[in-house]
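> pasting a predicted model and its sequence here:
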Amino acid sequence: MEIPNVSAKWAGKLSTVVIGATADQGGTRGSTVTIGGSAALPFMSFEGPVGNRPAIAIEVWDAGADTWPDPLKKAYGDAMASTTEWAKMAARFGADLICLRLTDAHPDLGDRSPQQCAQTVKDLLAAVDVPLIIWGCGVDDKDNQILPAVSAAAKGENCLIGTAREKNYRTVVAVCLADKHKLIAESPLDINIAKQVNILCSEAGFPVKDIVIFPTTGALGYGIEYVYSIQERGRLAALGGDKLLGQPVLCDVGFEAWRAKEAKVPPFDTVTDDNRDQWGIMWESATATVLLQAGADLLVMRHPKAVENVRAIVDRLNPAVSA
Amino acid sequence: MYVIGERINGMFADVKKAIQEKNAQTIQDLARRQLAAGATALDLNVGPASGDAKGAMMWLVQTVRAVCDAPLAIDTAKWDVMQAVIPQVPGEKILNSTKADIEIATEYVALAAAHDAGLIGLTIDADGVPGSLDKRVELGAQILAVAMEGGLPMEKVFIDPIILPVNVSPKTPLHCMQAIAQLKNFADPPPHLLLGLSNVSQRCTNRSLINRTYLAMCIGAGLDAAIMDPLDTELMDSSITAELLLEKMIYCDSYLAAARGK
């Protein structure tokens, strides 16, 4: 029997976003990372160009690593006591980018000042030469204080900074424009708001082609079907020609996967002392793999072994886009 | 929605005057404003009063082409004008229009195909505008058959089932909607279905309201193109909203701005 050709034709194409700047480009990174550019569904290379290979960022915090689950503490060891040492180790584990989360700026935690946050960014830029993602603490007022400082500290480095949200986007848009960074546009698992945030940023003067969509991530077992369908719908609209959804998508995989009790304290009969640490790695790997197939272009991850697993999966699903 | 801006037509006093005085600025301003308001293409019609129809049409083409790359719909009932002008139109163009009689449609299809142009086909023949739904569909299908035979791809064909003013011909609005729905299914990919929208409200009050209500109804039936006034903001809003409700785009609070931004 002849197998019918069911490949679809697409009118739209995702924008291509470059993160990082080398010395030639006014920065100090050793290399840059390019994401997006697909004109087909993920890994469906018979439909059209699948764009750039999904990139993997490894997450580090400014402080507070003591709250991380044991398998992650074992992977990074004493390096976690210092953001720069932690980031160096992550880079050695093959991170395409480092994702700095300024958790300790949160008013209920360390309440770090804008100057302290800026210094952390400067130290990090000196310690590693991969491009940076810089993520605020998620509290609107505080982010509006720290993001201008960290953006200025990283001027010229073409970082990816976030997040712009529907109710709080003007400051981060302004500083990313002024200091020429790329922008994360966040929405709470809502395709309509994802589009709305993009048009708000666009009307505030930020080019939509320099946006990366963060549609909010959920882990395996914690609503991943919903996350998948939102991402899939956005990608179908983008490929159908909706320019306000035609941006690469970031997934916050490590953060979400390692919140699951199945990752931290696996409650399964087959768990033994020997394999206990594997569950979180599997949970993170599985979450990432599912979301790759919904169109993730940039994964923020934690465990080096999970990163290795996901790279192997990308290679297997689509050797053509492997580095 | 494939919006063909209707304003550059010698039936409008400002355009008539501009053609007579060769006032390029008035015409170019209308072209720019219609495109900025969301028109995909621009209709060009020298109007009934022009003595040198060919010369006036070529002047319109050159005047408008000097400021935009949008497809130009050459709107004339005169075959000799069409035949003379089409080969000289740079860029994308549409023949507006042919009737459904086979011998006439065959000539227009050949001219369109030879110049990679679009073609608007009216469901009208030697007997005039059909009084029944069946005849509208039959004539539409006849044009599609001629186009297929003449090698004109369906995406280049616009079938116009001819709307008449609702005060004169009260059954026509429904007939046109039904014809649109039926003709949409004649080919895959389907041809475009188009109306000269403003005609539905000729000599009526509430013209703008009638136009935008009927446009939304027709979009629901499968209409995807119209010769209409893009400068009527509420009309354009209705068009965008009707397409939103048909899931042609994803909603966001600023969907009107989003649609206009494309």
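It's in.

> give me the number of residues near the nearest residue to B:A112 once chain neighbours are set aside?
The shortest distance from B:A112 to any residue other than its chain neighbours is 4.1 Å, reached at B:L119 (C-beta to C-beta, 6 or more residues apart in numbering or on different chains). In short, each C-beta sits where N, CA and C put it, glycine included. Neighbour count for B:L119, taken as other C-beta atoms under 10 Å in any protein chain shown: 26.

> which residues does B:L119 bridge with?
Each beta-bridge partner of B:L119 is listed here, defined by DSSP bridges: B:L95, B:V157.

> quick one: contacts for whatever residue of the stretch 51-200 of chain B ends up closest to chain A?
Closest approach between the stretch 51-200 of chain B and chain A, counting by C-beta to the nearest C-beta: B:P189, at 10.5 Å. B:P189 makes contact with B:154-155, according to C-beta atoms under 8 Å, 6 or more residues apart in numbering or on different chains.

> same deal with the one 4 residues further on?
Listed by C-beta under 8 Å, 6+ apart, the contact partners of B:L193 are B:158-159, B:161, B:180, B:183-184, B:222-225.

> so for the closest residue to B:R33 other than its chain neighbours, what's the pLDDT?
Excluding the flanking residues, the one nearest B:R33 by C-beta to C-beta, 6+ apart is B:L231, at 6.3 Å. With respect to pLDDT, B:L231 scores 97.

> tell me how many other residues crowd B:L231.
Applying other C-beta under 10 Å, we find 17 residues neighbouring B:L231.

> now swap in B:P230 and tell me
Going by other C-beta under 10 Å, the residues that sit close to B:P230 add up to 23.

> how about the one 5 residues further on?
The burial count assigned to B:L235 is 25, neighbours taken as other C-beta under 10 Å.

> which secondary structure element is home to it?
Under DSSP states H and E, the secondary-structure element containing B:L235 is helix B:233-245.

> that helix - contacts with which helices or strands?
Here helix B:233-245 touches helix B:207-221, helix B:255-261, going by 3 or more C-beta pairs under 8 Å, 6 or more residues apart in numbering or on different chains; DSSP states H and E.

> got the contact list for the longest one?
Contacting residues not belonging to helix B:207-221 are listed as B:1, B:163, B:166, B:173, B:176-178, B:180-181, B:195, B:197-198, B:200-201, B:204, B:223, B:226, B:228-229, B:232, B:234-235, B:237-239, B:241-243, B:245-246 [C-beta under 8 Å, 6+ apart].

> buried ones in it, by neighbour count?
For helix B:207-221, a neighbour-count test (16 or more other C-beta atoms under 10 Å in any protein chain shown) marks B:210-219, B:221 as buried.

> how confident was the prediction at residue 13?
Answering for chain A, as no chain was given. 96.

> try again with chain B
Looking at B:A13, its pLDDT stands at 95.

> and it, how many neighbours does it have?
9.

> repeat that for the one 5 residues further on.
Counted with other C-beta under 10 Å, the burial measure for B:A18 works out to 23 neighbours.

> so it sits against B:T26, correct?
Yes - taking C-beta atoms under 8 Å as the contact criterion, B:A18 and B:T26 are neighbours in contact, 3.9 Å apart.

> tell me where the chain has helices.
The chain I'm using is chain A. For chain A, the helices defined by DSSP state H cover A:70-76, A:83-92, A:114-127, A:140-153, A:170-179, A:191-203, A:224-239, A:253-257, A:261-264, A:278-293, A:304-317.

> switch to chain B, that's the one I care about
Listed in chain order, the helices of chain B (DSSP H) span B:13-21, B:24-36, B:53-65, B:79-85, B:102-114, B:133-149, B:172-183, B:207-221, B:233-245, B:255-261.

> spell out which parts of chain B neighbour chain A.
Contact residues of chain B with respect to chain A, defined by C-beta under 8 Å from any C-beta of the partner chain, are listed as B:249-255, B:257-258, B:261-262.

> if we go to 10 Å?
Proximity of chain B to chain A, by C-beta under 10 Å from any C-beta of the partner chain, involves residues B:247-255, B:257-259, B:261-262.

> test my guess that the residue nearest to B:R33 contacts B:R32.
No - in terms of C-beta atoms under 10 Å, B:L231 does not count as a neighbour of B:R32; the distance is 11.3 Å.

> which stretches of chain B have low pLDDT?
Across chain B, the stretches falling below the confidence threshold (pLDDT under 70) are B:49-50, B:262.

> got the contact list for A:G26?
With contact set as C-beta atoms under 10 Å, 6 or more residues apart in numbering or on different chains, A:G26 has these partners: A:155-158, A:180.

> among the buried residues of helix B:207-221, which one lies nearest to chain A?
B:I219 (17.6 Å).

> skipping its backbone neighbours, what lies nearest A:R233 in space?
On the basis of C-beta to C-beta, 6+ apart, the spatially nearest residue to A:R233 that is not a chain neighbour turns out to be A:I191, at 5.4 Å.

> tell me the contacts of the one you found?
Residues in contact with A:I191 (C-beta under 10 Å, 6+ apart) are A:215, A:229-234, A:237, A:245, B:250-252.

> for the closest residue in space to B:P190 that isn't next to it in sequence, what are its contacts?
On the basis of C-beta to C-beta, 6+ apart, the spatially nearest residue to B:P190 that is not a chain neighbour turns out to be B:K184, at 5.0 Å. Listed by C-beta under 10 Å, 6+ apart, the contact partners of B:K184 are B:159, B:190-193, B:221-224.

> near chain B, which residues of the stretch 201-323 of chain A are found?
If contacts are counted using C-beta under 10 Å from any C-beta, the residues of the stretch 201-323 of chain A sitting beside chain B are A:202-203, A:208, A:233-234, A:236-238, A:240-245.

> most widely separated two among those residues?
Based on C-beta to C-beta, the longest span within these runs between A:E203 and A:L236 and measures 24.7 Å.

> which one's more surrounded, these two?
In this comparison of A:E203 against A:L236, neighbours counted by other C-beta under 10 Å, the higher total goes to A:L236 at 17 against 14.

> phi and psi next, for A:S82.
Here the main-chain torsion angles of A:S82 (degrees, to the nearest 10) amount to phi -130, psi 130.

> how about it, what does it touch?
Listed by C-beta under 10 Å, 6+ apart, the contact set of A:S82 reads A:60, A:63, A:65, A:88-89, A:123, A:127.
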